[in-house]
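K.L.:
return a 3D structure for these sequence lines:
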Amino acid sequence: MAASTDIINALRLISTSGIGAVGYYRLVAEHGSEQAALDALAAIGQTFWSIERAKQEMELCAAKDIKILLYTDPEYPSLLKNMQFS
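P.N.:
Okay, here's the model as predicted:
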């Protein structure tokens, strides 16, 4: 499982208005990481979830026994990992 900081940054990025799954993957590919993508968005004035809000979401998932998998996680389904977004 990914480190909690990685999950927090992923939740913050994917929850950003107008980003979506395709935008998420493009931003991470372009900037190299979720944190770098968040930094780039912040530089242009984009707002996103606070770290505390992302932690709350993680806690909610944990309470409901929901496992958050990032695409870099070894358990992430290979068919989804290998999808091409256009």
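
K.L.:
going forward, measure contacts and count neighbours with C-alpha atoms only.
P.N.:
Will do.

K.L.:
spit out the contact partners of residue 76.
P.N.:
69-70 (CA atoms under 8 Å, 6 or more residues apart in numbering).

K.L.:
can you tell me the helix or strand for it?
P.N.:
Following DSSP states H and E, one finds residue 76 outside all helices and strands.

K.L.:
and it, how close does it get to residue 69?
P.N.:
6 Å (CA to CA, to the nearest Å).

K.L.:
shared neighbours of those two, anything?
P.N.:
Joint contacts of residue 76 and residue 69 (CA under 8 Å, 6+ apart) do not exist.

K.L.:
number of nearby residues for residue 12?
P.N.:
For residue 12, the number of neighbouring residues by other CA atoms under 10 Å comes to 22.

K.L.:
helix or strand for it, just tell me which one.
P.N.:
Applying DSSP H and E, one finds residue 12 within helix 4-14.

K.L.:
equivalent analysis for residue 79, please.
P.N.:
Following DSSP H and E, one finds residue 79 within helix 78-81.

K.L.:
buried ones in that helix?
P.N.:
By 16 or more other CA atoms under 10 Å, helix 78-81 has no buried positions at all.

K.L.:
what about it, distance to the chain center?
P.N.:
Centre-to-centre, helix 78-81 and its host chain are 16 Å apart (CA atoms, centre = their mean, to the nearest Å).

K.L.:
which residues are contacting it?
P.N.:
So helix 78-81 is contacted by residue 71 (CA under 8 Å, 6+ apart).

K.L.:
okay, the angle between the helix or strand following the helix holding residue 12 and helix 4-14?
P.N.:
Using DSSP H and E, the helix or strand that follows helix 4-14 in sequence is helix 20-31. Put simply, helix 20-31 runs at 120 degrees to helix 4-14, going by axes from the mean of the first three to the mean of the last three CA atoms, to 10 degrees.

K.L.:
returning to that earlier point: buried sites along the helix holding residue 12?
P.N.:
Buried, per 16+ other CA under 10 Å, within helix 4-14: 6-14.
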